[in-house]
Every structure is written in C-alpha cells, then in structure tokens.
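>>> I'd like to go over a predicted model; first the sequence, then the structure.
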Amino acid sequence: MDKAAGNTRFGAALAGLVAAAVLAASVHGLIARSTSLELAKLASEHEAQAAARRQDFELRLALVGRALDPTSSAEDRQCVLRFLHAVTLDTAFKRWAEAELTSLQQDVDAAREARESADRTAKSD
C-alpha cells in the first residue's frame, strides 16, 4: 500500500468519525430539547391540575359554609345540600350531605307550616 492510498483511507476514516460525532451531537441536542419540552409540558399540566383541585376545594368549602350558615333559611341550606349531594363523587361527603338533609328536613317542614299558617291567617283577616 502506498502512502497516498493510506492517507486517503485515513482521511476518509477521519471524515467518517467527524460526521458520526456531528450526527451524535445533533441527535443528543434533539433529544435534550425534546426532553426539556416534555418536562415543561408535564410541569405545566401538573400546575393546571393543582389549580383546578384548589379551585374545586375552595368552591366546595364555600358551599359547605353556605349549607351550614345559621343565618340562611332552612330552604336555602337545603338547596345547597341537595346540590352538593348531586355533584359530589366522594361517598363520605355524599353520606354527610344526606345526613344533613335528613336533619334539616324538620326545620324546612316547620318553616313551611309557619308560612302556610301565616298565609291562612292573612287571608282570613
């Protein structure tokens, strides 16, 4: 083998190695960017889910406050409890709402009877 042929083969091999290194660096960069984008997307989705859970909790807390508010009428509290019972998937929460509705029913009936009695009295006058 002469020196020129050896240099040509060496040059070709070196060029192949350089091309492989450039290709490997490009692939690595592409994977790194893809991974970074995927991680950013997952973080964004996680933040959105956390915000939705927080909003759901705050809404539920506000509704429970309205359902237990002693200054609200029994009928208003009953409406809120019925809504909470209808929309919740939490079985323990659903059982609590049922128990509250049951105990509140006497107050609702008493308020209705008082209203009807007042209406009858007003009509008879």
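In hand now; what should we look at? Residues are numbered from 1 along each chain as shown.
>>> just checking, next helix/strand downstream of the host helix or strand of Arg54?
Assigned by DSSP states H and E, Arg54 belongs to helix 3-68. With elements assigned by DSSP H and E, the helix or strand that comes after helix 3-68 is helix 74-87.
>>> helices or strands up against that following helix?
The helices and strands touching helix 74-87, judged by 3 or more Cβ pairs under 8 Å, 6 or more residues apart in numbering; DSSP states H and E, are helix 3-68, helix 91-124. To be clear about C-beta, it is placed using only N, CA and C from the backbone, and glycine gets the same treatment.
>>> residues of the shortest one that come out buried?
Residues of helix 91-124 classed as buried by neighbour count (16 or more other Cβ atoms under 10 Å): 96-97, 100-101, 104.
>>> roughly how far does the residue positioned nearest the centre of the chain sit from His46?
Geometric centre of the chain, nearest residue: Ala52, 3.5 Å, by Cα atoms, centre = their mean. Ala52 sits 11 Å away from His46, going by Cβ to Cβ, to the nearest Å.
>>> next: Ala13.
From Ala13 across to His46, the span is 49 Å (Cβ to Cβ).
>>> kindly report the same for Thr8.
In this view, Thr8 and His46 are 56 Å apart by Cβ to Cβ.
>>> quickly list the domain ranges of this protein.
According to automatic domain parsing, the chain comprises the domains 1-55, 69-125.
>>> in the protein, which helix or strand is least confident?
Lowest on mean pLDDT, DSSP states H and E among the helices and strands of the chain sits helix 3-68, with a mean of 81.
>>> so that one versus helix 74-87, what angle?
Computed by axes from the mean of the first three to the mean of the last three Cα atoms, to 10 degrees, the angle separating helix 3-68 from helix 74-87 equals 150 degrees.
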